[in-house]
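Engineer: Next input, structure requested:
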Amino acid sequence: MANVVSLVRTTDSSQSIRDSISKALDLINFQVNKNIKSVVIKPNLAYYWDSSTGYTTDPRVVAAIIDWTRGMFGDVDIKVVEADASAMRTKYVFPALGYEKLAKEKSIELFNLSKDVLLDETVHVNGREISFKVPALLKKCDLFMNVPKLKIMRAVKITCAMKNVFGCIGFPKKMIYHKILDEAIVGINKVLHPHLTIVDGLVGLGRFPAKLGLIMAGTDVVSVDWVASQIMGYRPSQIKFLKLAVKEGLGDPHDLRIEGEKLEGFSRAFPKEGFVASKYLWSVQFWLLNAYRRLSGDILPPVLDEK
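Structural biologist: Purely as a prediction, here's the structure:
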């Protein structure tokens, strides 16, 4: 049976986002065959940058997923989760990025995975033994939804579905894995298996943030990242952790079908990384964007909002 990844256009309105998510899930024929009582939603809140920068998951996307979940399964237990990281603390990021407000509006729980019971898990990847601290919640919930962003990352070229699962590791100092980051990304995806991935592509983050108006969905993280890498301007064979994931049997890109919009339309709009990009330039861009947002109250400068 083919792994299906859907691509659906959306606008910034809450209704459009809800409709697009519903359509994206219909296109992949997403079905759950058991009684759902507990749902976990893992956005990408890797740092304190507002979702308008393309760096973090937009709470409007998570709100729409919550609405869809309740429409499908009724009044189930829903937790929006994140884990502490080397340069981020969940207790600060939830209020800073609008998730405390979302939790009150939707009557859901915010949960710090680093405060959960952490299970010791060891896997072998590419001949290397890697150990992880894995939150017990993610192993026992009925429905685990992965809600990553679409953005480039110099260390591994792209970050989307598989890298967001890496963010689930309960041990905060994830920098200990950075020398073997590709292997660690594959390793944690051997341990944790989201039932569903919904990608927030409202704003894509490449050389600069740009509005894409995209919702992606799929049940296989390797397939989602295979498509995402092409949208971001890379051949999947250029992404080491994707090649490694296929080698380790996590996915099969030959068994992949795209439904909905054409990939090329989003690929043309994504601001691909250029040779002039550097770590310094990246930092300056984010500083300027944050300063603009504080001073003007606008999301993106008009020059970046042009399609």
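Engineer: Gly233 touches Ser267, doesn't it?
Structural biologist: Yes - judged on Cβ atoms under 8 Å, Gly233 makes contact with Ser267 at a distance of 6.7 Å. Every C-beta, even on glycine, is put in place using the N, C-alpha and C of the backbone.
Engineer: Which of the two has more residues huddled nearby?
Structural biologist: Neighbours were counted for Gly233 and for Ser267 using other Cβ atoms under 10 Å; Gly233 has more, 19 against 15.
Engineer: If we go by neighbour counts, what in stretch 253-263 is buried?
Structural biologist: By 16 or more other Cβ atoms under 10 Å, the buried positions in stretch 253-263 come out as 253, 256, 258-261.
Engineer: contact partners of that stretch?
Structural biologist: Stretch 253-263 has contacts (Cβ atoms under 8 Å, 6 or more residues apart in numbering) with 1-9, 23-24, 27-28, 214, 222-223, 226-227, 230-231, 236, 242, 246.
Engineer: quick one on the thing from earlier: can you put the buried residues of stretch 253-263 in CSV and add secondary structure?
Structural biologist: Shown next, in CSV, are the buried residues of stretch 253-263 (DSSP: H, G, I helix; E, B strand; the rest coil):
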residue, secondary structure
Pro253, coil
Leu256, strand
Ile258, strand
Glu259, strand
Gly260, strand
Glu261, coil
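Engineer: hmm, which two among those are most spread apart?
Structural biologist: Based on Cβ to Cβ, the longest span within the buried residues of stretch 253-263 runs between Pro253 and Glu261 and measures 19.5 Å.
Engineer: could you dump stretch 15-25 to CSV, C-alpha only?
Structural biologist: Written as CSV, here are the backbone C-alpha positions of stretch 15-25 (Å, rounded to 0.1, in the frame of the first residue of the first chain):
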residue,chain,number,x,y,z
GLN,A,15,-11.7,28.6,8.9
SER,A,16,-9.5,28.1,5.8
ILE,A,17,-6.9,26.4,8.0
ARG,A,18,-9.5,24.1,9.5
ASP,A,19,-10.9,23.3,6.1
SER,A,20,-7.4,22.6,4.6
ILE,A,21,-6.5,20.3,7.5
SER,A,22,-9.7,18.3,7.0
LYS,A,23,-9.1,18.1,3.2
ALA,A,24,-5.5,17.0,3.7
LEU,A,25,-6.5,14.2,6.0
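Engineer: Any buried residues in that stretch, and which?
Structural biologist: In terms of neighbour count (16+ other Cβ under 10 Å), stretch 15-25 has its buried residues at 16-25.
Engineer: Low-confidence stretches in the stretch 1-150 of the chain?
Structural biologist: 1 (pLDDT under 70).
Engineer: how about the helices in it?
Structural biologist: All helices of the stretch 1-150 of the chain, identified by DSSP state H, counting those that start in this stretch, fall at 14-27, 59-73, 90-96, 99-106, 137-140.
Engineer: Could you check the angle the second one makes with helix 14-27?
Structural biologist: Calculated by axes from the mean of the first three to the mean of the last three Cα atoms, to 10 degrees, helix 59-73 forms an angle of 50 degrees with helix 14-27.
Engineer: helices or strands up against helix 59-73?
Structural biologist: helix 14-27, strand 38-43, strand 77-82, helix 99-106, strand 143-147, strand 196-205 (3 or more Cβ pairs under 8 Å, 6 or more residues apart in numbering; DSSP states H and E).
Engineer: List the backbone torsions phi and psi for Arg268.
Structural biologist: When read as degrees, to the nearest 10, the backbone of Arg268 gives phi -60, psi -30.
Engineer: pLDDT score for it?
Structural biologist: Confidence at Arg268, expressed as pLDDT, is 96.
Engineer: OK, contacts around the spatially closest residue to Met88 that is not a sequence neighbour?
Structural biologist: Leaving aside its chain neighbours, Met88 sits nearest to Tyr47 (5.3 Å; criterion: Cβ to Cβ, 6 or more residues apart in numbering). By Cβ under 8 Å, 6+ apart, the residues touching Tyr47 are 55-56, 85, 87-88, 93.
Engineer: from what I can see Val123 touches Lys190, true?
Structural biologist: Yes - using Cβ under 8 Å, Val123 makes contact with Lys190 at a distance of 4.7 Å.
Engineer: what's the residue closest to the geometric middle of this protein?
Structural biologist: For the chain, the residue lying nearest the average C-alpha position, counting by Cα atoms, centre = their mean, turns out to be Pro148 (0.8 Å).
Engineer: helix, strand or coil for the nearest residue to that residue once chain neighbours are set aside?
Structural biologist: With sequence-adjacent residues excluded and distances taken as Cβ to Cβ, 6+ apart, Pro148 is closest to Asn164, at 3.6 Å. When classified by three-state DSSP, Asn164 comes out as helix.
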